[in-house]
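**Student:** Predicted structure and sequence below. I'll ask about it afterward.
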Number of protein chains: 2
Amino acid sequence: MKTPNPNPSVCSCVNLRRASRAITRIYDKALEPVDLKITQYSVLANVARSGPLSSSNLARILRLDRTTLVRNLKSLQAAGFIEDHPEAGDPRERAIRITEAGHLMVDKARPLWGLAQRQIEDHLGSAALNQLTTLVTSLETLSDHLVLNHLEESP
Amino acid sequence: MKTPNPNPSVCSCVNLRRASRAITRIYDKALEPVDLKITQYSVLANVARSGPLSSSNLARILRLDRTTLVRNLKSLQAAGFIEDHPEAGDPRERAIRITEAGHLMVDKARPLWGLAQRQIEDHLGSAALNQLTTLVTSLETLSDHLVLNHLEESP
DNA sequence: GTGATATACGTGCATATACACGCATCAGTA
DNA sequence: TACTGATGCGTGTATATGCACGTATATCAC
């Protein structure tokens, strides 16, 4: 008999990371038919919804490190799902926009994402999902507080 | 004015990944003085507690892909915190054990980990932490069900 | 206009994550 | 004994994550 399902850790961080890996497996599996990962679908769907925007702004929306996002965009660009053009106005800014192929892919992937989402809802229940959204906000707030406190070094 | 704190996503997976990144920042920041990441501390503390064991067994305990663990162990081994020796008996198995330096590091890191843990407990409350452990178990069970269903291909 | 500060962007580096392979060995079986 | 399936292990490849650093440009104060 092998170890079937080890208990949660005493460490909240380890538990959250475990939960994150588990749910990622579920969504990645659901998106397998269109050869997308949930991370890629998430970025693509966001660009589709928001319209052209800079990588910095997109990173802020996704709460993702800007440089991480830049690399994640690379695979989507290589696949032809997004474009990256210099923007008129501020020459530093570049505008990311979705392509026609990108739109088609989002339309194909959305129902698969919905499948995973429904599986999660059915299995966890709406109460747990609400608690999850609270958890995200709470942790991001605390993180901002603890990690980004180089703002008030009262001179 | 910049976007301070975007709302949670409609996607539970994206939300959990965001939460995972946020809490990882908090613990990594706490462990900064000893130059360890929470992922490394987690592995090291587990090896310290469990005693010598194979990478496969450790991966099962941590609910981590075995090949992922193998690479994570590399940095700990390079730092001299763990050793990896062939085991008597089955020549395929190798036994991972903590070194003296590893023990010292765990002792130095534990209070820093405890600091982060307490910050999380204070900020989230014990109810949320209990819900989190439920969430982990629930998601891992579902994941095992959905992803590892190559066991019953009723012949 | 000049200088300080903030912002936008990319790259180098290190680590984390997991799937697909291949190799070696063990254990059960014909 | 030879075959077969299960198990333990490592690597190749791809993606994800974030910090440190450097470059270019805008903006504000003077």
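**Tutor:** On my side now, so go ahead. Please read these numbers as outputs of a predicted model, since none were measured by experiment.
**Student:** From now on I want contacts and neighbour counts done on CA atoms only, so please keep to that.
**Tutor:** Will do.
**Student:** Could you pull up the contacting residues of residue A:70?
**Tutor:** Contact partners of residue A:70, counting by C-alpha atoms under 8 Å, 6 or more residues apart in numbering or on different chains, are residue A:55.
**Student:** and chain A, which of its residues are near DNA strand D?
**Tutor:** Proximity of chain A to DNA strand D, by C-alpha under 7 Å from any atom of the strand, involves residues A:37-40, A:64-65, A:67-69, A:71-72, A:75, A:89-92.
**Student:** Name the nearest of the residues you listed relative to residue B:13.
**Tutor:** residue A:38 (7.8 Å; C-alpha to C-alpha).
**Student:** Report the contact partners of the closest one.
**Tutor:** Neighbours of residue A:38 in contact, by C-alpha under 8 Å, 6+ apart: A:24, A:27-28, A:31, B:13-14.
**Student:** hey, which helix or strand in chain A has the poorest pLDDT?
**Tutor:** Least confident element among the helices and strands of chain A, by mean pLDDT, DSSP states H and E: strand A:82-86 (a mean of 89).
**Student:** Which elements pack onto it?
**Tutor:** Counting contacts by 3 or more C-alpha pairs under 8 Å, 6 or more residues apart in numbering or on different chains; DSSP states H and E, strand A:82-86 packs against helix A:66-78, strand A:94-98.
**Student:** please redo it, this time with the cut-off set to 7 Å
**Tutor:** On a contact count with 3 or more C-alpha pairs under 7 Å, 6 or more residues apart in numbering or on different chains; DSSP states H and E, strand A:82-86 meets strand A:94-98.
**Student:** Alpha carbons of the strand it packs on, in CSV - could you do that?
**Tutor:** Extracted C-alpha coordinates of strand A:94-98, given in CSV (Å, rounded to 0.1, in the frame of the first residue of the first chain):
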residue,chain,number,x,y,z
ARG,A,94,4.3,49.0,-26.4
ALA,A,95,0.8,47.8,-26.9
ILE,A,96,-0.1,44.1,-26.7
ARG,A,97,-3.2,43.1,-28.7
ILE,A,98,-4.8,39.8,-29.5
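**Student:** which other helices and strands contact that strand?
**Tutor:** helix A:38-50, strand A:82-86.
**Student:** about what we covered before: ok, and the most crowded of the residues of chain A next to DNA strand D?
**Tutor:** residue A:38 (24 neighbours; other C-alpha atoms under 10 Å in any protein chain shown).
**Student:** Return the residues of chain A in contact with DNA strand C.
**Tutor:** Residues of chain A lying near DNA strand C (C-alpha under 7 Å from any atom of the strand): A:17, A:21-22, A:25, A:54-57, A:67, A:70, A:92-95.
**Student:** Please spell out the ChimeraX selection for the buried subset of these.
**Tutor:** A single ChimeraX command selects the buried members of the residues of chain A next to DNA strand C (16 or more other C-alpha atoms under 10 Å in any protein chain shown):
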select /A:17,21,22,25,54,55,56,94,95
